[in-house]
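K.L.:
Model the following, please.
(2 chains)
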Protein chains: 2
Amino acid sequence: MCELLGMECNVLTDIVFSFAGLSARGGKHGPHADGWGLALYDGPVARVFLEPAAAAHSPLATFVKQNPIKTLLAIAHVRRKTRGKVSLANTHPFTRELWGRHFVFAHNGTVKNAFDLKLGRYQPMGRTDSEHAFCHLLGALEHEFKAKAPPPAELAKAIARHAGRIGKGGTFNMLLGDGHQLYARCSTKLHHIVRRAPFKKATLADEDLSVDFAEVTTPKDRVAVIATMPLTRDETWIAGEPNTLWVFRGGKLTKTLAS
Amino acid sequence: MCELLGMECNVLTDIVFSFAGLSARGGKHGPHADGWGLALYDGPVARVFLEPAAAAHSPLATFVKQNPIKTLLAIAHVRRKTRGKVSLANTHPFTRELWGRHFVFAHNGTVKNAFDLKLGRYQPMGRTDSEHAFCHLLGALEHEFKAKAPPPAELAKAIARHAGRIGKGGTFNMLLGDGHQLYARCSTKLHHIVRRAPFKKATLADEDLSVDFAEVTTPKDRVAVIATMPLTRDETWIAGEPNTLWVFRGGKLTKTLAS
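P.N.:
Numbering: from 1, shown residues only, chains lettered A, B, ... in the order given. From the prediction side, this is the model:
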């Protein structure tokens, strides 16, 4: 099993506070020591940091925390392997280009009969059920919409439909980004919070680290954070309903779809 | 214009020495201050560091030099923009998955009528002639060989043919990696050296940095390094013939094809 972290905002924001909470679970407080990854969008392109080792002891993860890169959309993951050995090719998040932008995907759980899912033009580079399911999902989207991206609302519906189908009978908590929207499917366990004015102080659940968001924000800022388990101990996180897909855009939860 | 750097070896090697030479040209001794990138293969997957800023002053480039990652195949680039603004999406090297492995591409020069080249399934995320040409090239390879990679020798021939066509009338010095082989096309300016036993000392051309390769190698090691201009001042680099493609595998120059 693994832990997921996503962030989607209406203003360039660094993910350091939340990533510090997540990476502590990657081998320090948690058992997720088999790899970590962080994807940070800059327009249509995601910059991805990956390491097939524990985030809690990683010099690169420390570098990323000490040299924050601001973004509107980020997806991170710490891995505890269930399928597939510890290797770069098996490290989430996974990334592919479709319609001239990066799609970034991270998964928690095990996909039932994942390797029976038919592949289109995207082929896995590693051997996880997660990457296979991601390649299948993108292939299905491309098959459905061909060479041109559909409007965002239509894309969200298609993703909800395919994710529901892929997740049936298994555990398919997942985060998917496309540079415009963040899609978060709850199968068993997913939480989110939207931080907005009036901003308050928040303290990490696993670390003695707190931040007063009022000091680092303006009244118009909105930052949605999605995580497997709540990352802070003094904020109210909303638990996802199983078999639903949240769609975030501009720092808002814009839709909750059956999935 | 830009500078290219490639490395292809028969034993896991770090690229720090050569990358130090290249990155010094990225804004310190050279004018290539508009971005830098470094792709390091680990099996079929490339880990890619990118920054739309000068390598010579980049904390991330310094981190990469201080925390070497060993690899069999690497491609790096420092950019001085000719087409396309300074942005992450326009920063080389560019990466796509084909046949379940990453293809990594970096280019020096300007492709004639690049934006007239027909695209297949790969679409550019940025606005450079380079990425457009890369997307066209991969689309052409997939169109030719469909869902399965051809044998390495056949793939090399196809790459030489397509690269020659794309480069016609323009300047198309490029490096392309597929996780197995490194393809290096010379249009106007490209050099290589194969380091092997007996190893000697080498000193960077632009920096007061030298390394005695005899101390860090075994007699069986072979390391091919390809660069726009020779990176060292006390070794003999081989200049490429215009319109040829070098193919490197296992630290050897295995073929020189017309291109």
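
K.L.:
Can you tell me the SS state at residue A:133?
P.N.:
Here residue A:133 is helix, with the state taken from DSSP: H, G, I helix; E, B strand; the rest coil.

K.L.:
what helix or strand is the nearest residue to it once chain neighbours are set aside on?
P.N.:
Leaving aside its chain neighbours, residue A:133 sits nearest to residue A:111 (4.7 Å; criterion: CB to CB, 6 or more residues apart in numbering or on different chains). All C-beta atoms are positioned from the backbone trio N, CA, C, and that covers glycine. Residue A:111 belongs to no helix or strand when elements are defined using DSSP states H and E.

K.L.:
Quick check: residue A:111 touching residue A:134?
P.N.:
No - Residue A:111 is beyond contact range of residue A:134, at 9.7 Å (criterion: CB atoms under 8 Å).

K.L.:
Per-residue confidence at residue A:25, what does it come out as?
P.N.:
Looking at residue A:25, its pLDDT is 79.

K.L.:
That one and residue A:76 touch, don't they?
P.N.:
No - applying CB under 8 Å, one finds residue A:25 not in contact with residue A:76, separated by 10.8 Å.

K.L.:
Looking at these two, which is more packed in?
P.N.:
residue A:76 (30 against 27; other CB atoms under 10 Å in any protein chain shown).

K.L.:
which SS state does that one fall under?
P.N.:
strand.

K.L.:
Identify the residues contacting it.
P.N.:
The neighbourhood of residue A:76, defined by CB atoms under 8 Å, 6 or more residues apart in numbering or on different chains, consists of A:4-6, A:15, A:18-19, A:22, A:36-39, A:93, A:106.

K.L.:
Can you list which of those are found in helices?
P.N.:
Among those, DSSP state H puts A:18-19, A:22 in helices.

K.L.:
mind putting the residues you listed in TSV, pLDDT, neighbour count and distance to chain B included?
P.N.:
As requested, these are exported to TSV (pLDDT from 0 to 100; neighbours: other CB atoms under 10 Å in any protein chain shown; distance: CB to the nearest CB, whole Å):
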residue	pLDDT	neighbour count	distance to chain B
A:18	93	25	21
A:19	92	25	16
A:22	89	27	20
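
K.L.:
which among the contacts of residue A:76 gets closest to chain B?
P.N.:
residue A:37 (10.3 Å; CB to the nearest CB).

K.L.:
which residue sits closest to that closest one, ignoring its sequence neighbours?
P.N.:
Nearest residue to residue A:37, sequence neighbours excluded (CB to CB, 6+ apart): residue A:50, at 4.4 Å.

K.L.:
pLDDT of the helix or strand harbouring residue A:183, averaged?
P.N.:
Taking DSSP H and E as the criterion, residue A:183 maps to strand A:182-186. What strand A:182-186 shows for mean pLDDT is 98.

K.L.:
Would you mind pulling the contact partners of it?
P.N.:
Against strand A:182-186 from outside (CB under 8 Å, 6+ apart): A:6-8, A:73, A:75, A:156, A:159-160, A:163-164, A:167, A:172-177, A:190, A:192, A:224, A:226, A:240-249, A:259.

K.L.:
out of those residues, which are inside helices?
P.N.:
Within the contacts of strand A:182-186, residues falling in helices by DSSP H are A:156, A:159-160, A:163-164, A:167.

K.L.:
and the gap between residue A:65 and residue A:23?
P.N.:
To residue A:23, residue A:65 is 8 Å away according to CB to CB, to the nearest Å.

K.L.:
Neighbour count: those two, which is higher?
P.N.:
Just comparing residue A:65 and residue A:23: by other CB under 10 Å the higher neighbour count belongs to residue A:23, 30 against 18.

K.L.:
Do I have it right that the more buried one meets residue A:56?
P.N.:
Yes - at 5.9 Å, residue A:23 and residue A:56 qualify as touching, with contact defined as CB under 8 Å.

K.L.:
What parts of the stretch 1-150 of chain A come near chain B?
P.N.:
Residues of the stretch 1-150 of chain A lying close to chain B by CB under 8 Å from any CB of the partner chain are A:42-45, A:47-48, A:50, A:59-60, A:63, A:67, A:87-89, A:96-97, A:99-102, A:121-126, A:142.

K.L.:
Can you tell me which of those residues are buried?
P.N.:
A:42, A:44-45, A:47-48, A:50, A:60, A:63, A:87-89, A:96-97, A:99-102, A:121-126, A:142 (16 or more other CB atoms under 10 Å in any protein chain shown).
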